[in-house]
Every structure is written in structure tokens, then in C-alpha cells.
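Novice: Got a predicted structure here, sequence first:
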Amino acid sequence: MKNEKLYDGITGIREDIVERADAHEFKKKKRMTWQKWTALAACFCLVVGGVYGAARLGLLGGAGNSAPEEPDNAEEGASGYYGDLSGGIRPEILVGDTVFYWTGMAQAIHGATTPYGQVYTVGNAETFLPDGYTEYGSIASVTDADVTEQLQMKAGFEATGTVYISTGTPEAVYVLMSTDWFENYYIRFVSSELDDGHRIVWDGKDYRIGIGDGTCDILEELPENSELIGTLHFVGIDAIPESDLETNCPNDTYSFALEGREVFFDSSDPNFIYVYERHYWSGGEYDTYLKCPLWTD
Amino acid sequence: MEDELIIEMYFKRDELAITETDRKYGTLCHRIAINILSIREDAEECVNDTYHAAWQQIPPTFPDSLRAFLGRITRNLSVSRFRANRAEKRYTGMEQMLSELNDCVPSSDNVEQAIETEQLSGIISDWLDSLPAYDCALFVRRYWHGDAVKTLAQECGVTQNQMAQRMLRLRKNLKAALEAEGVAL
């Protein structure tokens, strides 16, 4: 089994790495004060109480009388990957005319400087609501079938929450959600437009950039006639890039920020653009280039 | 007691070496074994076998790190037991870990031959070296010691889900690294 060979490979890692890892002290993230928890709990009770009360009064189309089944194994959903979510259903929600698909916890990305002087982008382990989002409404009901009603959510578990939208970034919505396996997390949902993948715009055309998913081949040398065409500008993960060299992809293969990254283009083959990436592994480090293909449906 | 003194006792064939080893590293070895095997009795047998193996191997071996040396023996013995009894599906800890490691298995395109385990360890070591200390420690604790995601989340003061997400990201990062090295398993 390949995973067992990998396991054996991990067994043989250098001893000093094990020593160093064992000696590492994790700094515990500061918890919210009890005052904040109390306030949040009160809000949660109001939302749940309101939804429950409305359902009891028959104001929510009968949702309160047919609670979805309990998850088979809520623990399995904890990876944040929708394939593991309870019931194997990727959650989605209907907002306006658009279906938005679950992408996971909305974590703030911040940069940490590496020994190489580059910025390593990491989630700060705390969910958040981005600027510009305003409250739109509450999850109306949960179903395991396709969503047909406003603010109805498709999911394999019970959920309540508040939906937030932004006119500036209409392709993503955030839901402050509670289920029986997490409470009050901001979850990011995206339209199919964003769900298709990250992109870079060049010469009015979209190019795909995928990190670690096989979208981009990694080259050690640029094509002969390639020329530097500029540097990338990161417009945010929720935005659709519009101007040349804008991207909504935050980081490269090694989690280094793509903002300001050099981009190359070979005019004899406009089907690709090339994004510089520094490769750091055994034997030192060297230059590579992500070969980003033209976006085709 | 300092590691050098314990190792010296092994060299002198002083059986107190086992007692001192158990006193200093018993918890570590038990933790690794129970994380893999999930069954206390089996884990205890593995730890006893670890001490026996250490007694057999020192001398002539003089470990640079007694902690890593004992941990590796426990890990190997535990996984051997897991493999021997796998059909019974008794060991949920190891099954879970192996299932997660599937995320790191590189695709086998453009590869000339399968890599040797020792070489693979070198590449993984280099990859771990390149990570921030926090991520390196997390990966080692999860996939070397076999500590549960829940345990690590509690220790770091984050939710289990947040920790699982971070682990997923690390596994994907390792997969990319292995693919970049042209590794096939």
C-alpha cells in the first residue's frame, strides 16, 4: 500500500526533527472572554428561538415540523472537506437566483515572514466575516434535496444561521452557522463561477491557476521567447479578477503569497502564461514556473 | 537521568537501564503505541518489546537521540502488529492515520522508478525542515507520534475542525513536494 510506504518514510525522518518537534511548545490561542461568549450565546438563543418560534407558528413553511435526521457521524465532518461531511452531501444555499456551494470555514489569511524573506500565508484559526458584508437573512430550512426556496440550505446535517452578502463581491456569501458539530463559525459559500477555480487575467483573457491540483505543470525553464509582462495583483479570494494581471489566487504551492509575483508570456503560444515560483527542497533551491493554461469551459 | 547515563547503563548491561528508560520515556512510548493500536493491552506489549529491542541493540548502537530511537522502535513494532492483525480491523488509530496519508500519495506520472524508503525519508525530512516550526511540530506529532487531531487541537487552543483543515493543508503541501521531486511510491 502506498500510504504505508509513506508511513514508513515518515518513520525514518531525521532524529533531530523529531527532537525539535517534541520540544516545540504550542502557544494556546486566546479564548474569547466570558462576556463575549455570553453575548454570542444570547444572540444564538435569539436566532434559534426566533426560528423555532416562527416554525411552531407555521411561518416557515412547515420546516419546524420535519427536522432533518441527525448526522451518522459528525466527527467525520470535522476535516472541513465537503466529501467527508455528514451524509456525503456538499452543503449549498440558494440566495437570490444563485446557488452557493460550501467551501469551508472562512479563515482570515495573514502573512508570516519566512527565513527566505517571503510571506507565508496562513489561516489564523479563527473564522471571520470579511469587510463589506451585511446581513441578508436567516437559513430558512434545511433539506437533503436540491434547493428550491430562498435561503434554503442543502445539507446532510441540521443547521441554523445568518446569511451575509456583499454587493462588491456577489460571487461569495458567508453564513454564520451553527450545527450539532460546530457553533457560530463563518462558513464561506461561493457561486459556480468562483467554485470553478482561481484565475489570472491577461490580455482580457482568463487563465487558470491551480495549486497542487494538477492544473498547472511546473517547469524548470521558461519557453525560449517568454518575456516578463509584469507582476500579479491579488484582488481577494471572493473577487473575480477583471484587469490584466489580477488574480484571486492567494498563494503558490508553498503557501507563499502571489501578490507581486512575476508573470511571463510567450506571444507565440498565447494558450499559457507562466508564474514564477521558487522551489525549495533537497539539493537547494531553484527557479520554477507554473504553466497556467487558458481558461476553457 | 541524562540520556548518556542511561545509554552507559545499557553498555554496562545494567538492567536498571530498562527501569530508567521506562521512567523517562515510558509515557512517550505508550502514547505512540496506543495512538497506533488503540488497544491498551496490545500497546503495553509493544512498549515492553521496545525495551527488549533497545536492550538488544544497545550496544553496539549508540543513539544520538534516545527519545527518537525508542520512539522509532515503538512505532515500528506497533505498525508490525497492526499489519499482522489488520484483517481483524481492530486498530482504528492507525487506519485513520493511513487513510489521511492517502492525501499525500503523489500521482505516478513522469516517474522512472519507485523510490526507496530511506530516500523518501530524506525528502520528507527536507520538506519538514522547510516548514515553519509550528507546522513541522504539528506534522510530526500527528504522523510520527500518531497524536489525535482532537488532542492537538486542544493543545493549540483551536477547534478540531480548524486543526483538521490545517492537517489537510499540510498533507496537500507534502504531496506537492513529493510530486515536485518526481517521487513515486
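Specialist: Cool, the structure landed.

Novice: in chain B, which helix or strand is least confident?
Specialist: The weakest-scoring helix or strand in chain B, judged by mean pLDDT, DSSP states H and E, is helix B:92-101 (a mean of 80).

Novice: can I assume residue A:100 sits in a helix?
Specialist: No: counting by DSSP: H, G, I helix; E, B strand; the rest coil, residue A:100 is not found in a helix; it is strand.

Novice: same question for stretch B:67-83, mean pLDDT?
Specialist: Averaged over stretch B:67-83, pLDDT sits at 88.

Novice: so how far is residue A:139 from the spatially closest residue to residue A:133 that is not a sequence neighbour?
Specialist: Once flanking residues are discounted, residue A:133 sits nearest to residue A:164: 4.1 Å by Cβ to Cβ, 6 or more residues apart in numbering or on different chains. For the C-beta atoms, the positions are set from N, CA and C on the backbone; glycine is no exception. Per Cβ to Cβ, to the nearest Å, residue A:164 is found 12 Å from residue A:139.

Novice: cool, residue B:61 as well?
Specialist: 61 Å.

Novice: Those two: who's more crowded?
Specialist: The neighbour comparison of residue B:61 against residue A:139 (other Cβ atoms under 10 Å in any protein chain shown) goes to residue A:139, with 22 against 12.

Novice: what ranges do the helices span in chain B?
Specialist: B:3-11, B:16-37, B:40-57, B:66-84, B:92-101, B:117-130, B:133-143, B:149-156, B:160-180 (DSSP state H).

Novice: in the first one, what's buried?
Specialist: Buried positions in helix B:3-11, judged by neighbour count with 16 or more other Cβ atoms under 10 Å in any protein chain shown: B:3, B:6-7, B:9-10.

Novice: Quick check: bridge partners of residue A:206?
Specialist: Beta-bridge pairing of residue A:206 under DSSP bridges involves residue A:201.

Novice: who's in contact with it?
Specialist: Taking Cβ atoms under 8 Å, 6 or more residues apart in numbering or on different chains, we find residue A:206 in contact with A:199-200, A:241, A:294-295.

Novice: before we move on, back to that, could you point out which of the buried residues of helix B:3-11 is nearest to chain A?
Specialist: Nearest to chain A out of the buried residues of helix B:3-11 is residue B:3 (Cβ to the nearest Cβ; 10.8 Å).

Novice: any idea how far the nearest residue to that closest one once chain neighbours are set aside lies from residue A:15?
Specialist: Once flanking residues are discounted, residue B:3 sits nearest to residue B:66: 4.3 Å by Cβ to Cβ, 6+ apart. The gap separating residue B:66 from residue A:15 is 10 Å, by Cβ to Cβ.

Novice: who's more crowded, these two?
Specialist: residue B:66 (21 against 18).

Novice: Identify the residues contacting that one.
Specialist: B:3, B:6-7, B:21, B:25.

Novice: go on, residue A:224?
Specialist: residue A:266.

Novice: Tell me the backbone dihedrals of it, please.
Specialist: phi -50, psi -40 (degrees, to the nearest 10).
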